[in-house]
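Student: Give me coordinates for this.
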Amino acid sequence: MTETVHILGLLGDGILPDPPVFEWPWPEIWIAGIEVTQAIQYYHSASHLTDPADRANDNAVQLVGYKPVWARVYVRTSKRFGEIPNVTGTLSVQNWYGLSNNPLGPPRYLTAQPPGTVTARSNPPYATERGTLSDTLNFVIPAAWVFGHRIELVARVQTSSGANYTMTIGLAALLRQTLRVAGIMVGYNGPANLDPNAPNLMLAPPTLNDLRNTTGTTMLMYPVGASELRNAGNIVWDRPLTDPASPGGCSPNWVALNVRLAAQKIADGNHTNVLYYGLLNQQIPMGPVVGCESGGVSSGAANDRVTMAHELGHACGLSHAPCGNVGTPDPNYPAYEPYDPPNTPTASIGEFGLNIANGSILPPGMFKDIMSYCGPKWISLYNYSRLLPNPSLNPYWDYGFRYDDDYVVHDPSRIPESDPARCPVFDQRSQVHPVVSILGVFHSATRFEVTSVMRLEAEVAIPGARRTELSAQIVDADGRILSESSVHLLQSHACSACGCTYDQQLYPAVFQALVPNLGAGAVLRIVEREKILWQRHAPPSLPRVTAFNARVLRSRRSKRMAGPAGLAIETSWQARSTGEGEAESAIQWSSDRRKNWYALGSLLKGNRATFDAMSLPSGRIDLRLLFSDGFHTTRSTTVNVRIPQQAPMVCIMTPRQRGTVIAGETMRLWGAVTVSGDETAHERANATWYIDGRRVGEGLDLFVVAPPKGRHRARLNISVQGRRSEANAEFQSVTRSNG
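Tutor: Residues are numbered from 1 along each chain as shown. Purely as a prediction, here's the structure:
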């Protein structure tokens, strides 16, 4: 007997009866539903979530464009047929844009992932079937196919006897989001521990490739389809991050590091369309605190992917989920019964998650939200929805068409940012203004110190900060206020092996004021109502820069900065001031003929500094020095250097170095290529993958069958306009445990 039934849905088909209502005789097999997921998804939620308020239609979690999708096809039979093994299937994918009745090309067909067959059962236990990947037919839709007003999926299953069944669903993937991270690379030149006679350590700052590798977990969990990374300069830290902290707070040395990071961010322009992350050499002495976020500047060790995903969550506006030592958790986080006690949230992720790198299923009875301090961790329904859309992830609606005289369909990957087909959800344009940046540390509620005063151009927003009752002012010689702005507390989230806590009243804490630079003034001051708490008078003369020089070096190692082998920029300058504050310098660079300036270094003392140049664009680079006497800031004349062409930087995101995969099952070969200053290099890269020397496929992102049990090596060869690079990762294939 053969029976074909079509069920058409749009943006989720709801909760279908199981089995569907058929006229007698029932078909030999049918499809109970199709679950499509990029990290977490609703599917037959009434079958496991006991509170109706927690339920939603199948596939109600929105897809984002250009991120791979796993489609799980659930197959059924009736009791009179018993179990039917070796059911096979295919999935066709067709994309549609706008109101056109014509699809964008013919359907494209996928075969099921290994093992490629499934046993149809009449009434399998929900949790067992949902939690076992081999209990469904599974298909991976490539990222390049995930776009459009409508993605029509047609699943067809078939038995060895010829019985078949077809289901069609429709989804949309108009929202595109991009993870943009500006990495502040943190090296080290300081004692190995807090002992007075500790030996000195010199550690190189991480690289742009380290930053990209560290984003792996964030890219898997977050609703983002692309990433854009850049180097926001280097700093060298000089104190162990192992000093004691107040319960729930960052230690004084972590807070001092965050002041350095905040100064680097402001020297970079304080852009709100990127997330700033201090990436630390992983051998810097630290612990038990292993990460700290202060008002929009996050930090953690290179290759610590979980800490980055958590800290960037704070930068995106997420609070702590209620599990573990989290201080004050998000009061709106829901309880997902039966995985949480009634009306008592404990950070369950709420639905079944799926890791698109390998198909691992993350059940809500076991996994906790990434913003909690319980584990194991994944992203929850609640926090995933808060990232859809999220202004920190550069969202826009990619309609992919416009109406001219005729209906025109654009290649969606080629639509320029300025095209009206791209409709930003939030205004992401960077707008810098002349400001006076005042940075410092509150040691207690009544005692603070100012550590940096710099006049420059930057965006005036301080995301994630809390406004205090203090004001920073520029005052003229007659006592008139020329300009004024609130002092903001950059609230800290301290992460440690013991948990992660947050308290608005914990000290020490970073503070910052960005005062519009509407005049030089005679006094800078911080006041509480009419009471002057701090003030600094203008010096008798302006600071002067008498010399500024820069050159590009190619050396094995930078003595002054413990930098990696390769290119470095060595700078030196001569300047003098008569100000009462300690002089400080910042160095900025521009690759577009001085239209936009970014940070190389900040809070520089002395008269020379060396920086890693491996992450700078090739060609002409303009450099300038900003020299502050603690009140005024003077710019040097601009000098330029030429950065030679460099090989592409290549990173293997998965498989991870020394990671594991399941032999004979699906594994993701996921790579990334960066050419400094070229955000579209990945579009022109020729990528070829090898496993143990055998060519297995092309492209930066593909899915293959994992090799047999044992140790293996993946190699990614990249060519971009004749420049070649490669990356390698050793991994282990293991057999799946039956337990």
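Student: in the stretch 501-650 of the chain, which ranges drop under the pLDDT threshold?
Tutor: 501-506, 555-565 (pLDDT under 70).
Student: now with 50?
Tutor: Per-residue confidence for the stretch 501-650 of the chain (pLDDT under 50) gives these ranges: 501-505, 557-564.
Student: just the strands in it please.
Tutor: 509-516, 523-528, 531-537, 544-555, 566-576, 584-590, 598-604, 608-612, 619-628, 633-635, 639-643, 649-654 (DSSP state E, counting those that start in this stretch).
Student: what's across from Trp96 in the sheet?
Tutor: Going by DSSP bridges, Trp96 is paired in beta bridges with Arg150.
Student: show me what contacts it?
Tutor: Counting by Cβ atoms under 8 Å, 6 or more residues apart in numbering, Trp96 makes contact with Pro103, Leu104, Gly148, His149, Arg150, Ile151, Glu152. Every C-beta, even on glycine, is put in place using the N, C-alpha and C of the backbone.
Student: Please pick the buried ones from these.
Tutor: Using 16 or more other Cβ atoms under 10 Å as the burial test, the contacts of Trp96 include Leu104, Gly148, His149, Arg150, Ile151, Glu152 as buried.
Student: From Ala256, how far off is the nearest residue to Pro252 once chain neighbours are set aside?
Tutor: Nearest non-adjacent residue to Pro252, counting by Cβ to Cβ, 6 or more residues apart in numbering: Pro508, 5.4 Å away. Distance, Pro508 to Ala256, by Cβ to Cβ, to the nearest Å: 8 Å.
Student: Also Leu280?
Tutor: 14 Å.
Student: if we can go back for a sec, overlap in contacts, Pro508 and Ala256.
Tutor: Common neighbours of Pro508 and Ala256 (Cβ under 8 Å, 6+ apart) are Val441.
Student: In terms of neighbours, single out the busier of the two.
Tutor: Pro508 (25 against 19; other Cβ atoms under 10 Å).
Student: so what's the more buried one up against?
Tutor: Gly249, Cys250, Pro252, Val255, Val441, Phe442, His443 are the contacts of Pro508 under Cβ under 8 Å, 6+ apart.
Student: Quick check: PyMOL command selecting the buried ones in those.
Tutor: Buried subset of those, written as a PyMOL selection, criterion 16+ other Cβ under 10 Å:
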select buried, resi 249+250+252+255+441+442
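Student: Among the contacts of Pro508, which ones are in strands?
Tutor: Counting by DSSP state E, these place Val441, Phe442 in strands.
Student: of the contacts of Pro508, closest to Val734?
Tutor: Cys250 (38.8 Å; Cβ to Cβ).
Student: Let me see the confidence value for the closest one.
Tutor: Looking at Cys250, its pLDDT reads 77.
Student: Might one say that it is in contact with Val259?
Tutor: No: Cys250 lies out of contact with Val259 (Cβ atoms under 8 Å); the separation is 11.2 Å.
Student: Show me the domain layout of this protein.
Tutor: Using automatic domain parsing, the domain parsing of the chain gives 8-173, 176-317+427-524, 544-643, 649-734.
Student: tilt between the helix or strand hosting Val181 and strand 598-604?
Tutor: According to DSSP states H and E, Val181 maps onto strand 178-191. Strand 178-191 runs at 30 degrees relative to strand 598-604, counting by axes from the mean of the first three to the mean of the last three Cα atoms, to 10 degrees.
Student: Compute the inter-axis angle for strand 178-191 and strand 608-612.
Tutor: Using the same axes, to 10 degrees: strand 178-191 against strand 608-612 is 130 degrees.
Student: In CSV, list the C-alpha atoms belonging to strand 178-191.
Tutor: Extracted C-alpha coordinates of strand 178-191, given in CSV (Å, rounded to 0.1, in the frame of the first residue of the first chain):
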residue,chain,number,x,y,z
THR,A,178,26.5,39.5,12.5
LEU,A,179,28.8,39.0,15.5
ARG,A,180,31.2,41.9,15.3
VAL,A,181,34.1,41.7,17.8
ALA,A,182,36.9,44.1,18.3
GLY,A,183,39.6,42.2,20.2
ILE,A,184,42.0,44.1,22.5
MET,A,185,45.0,41.7,22.7
VAL,A,186,46.5,41.5,26.1
GLY,A,187,50.1,40.4,26.6
TYR,A,188,52.0,40.2,29.9
ASN,A,189,55.3,41.4,31.4
GLY,A,190,55.1,40.9,35.1
PRO,A,191,55.6,38.6,38.1
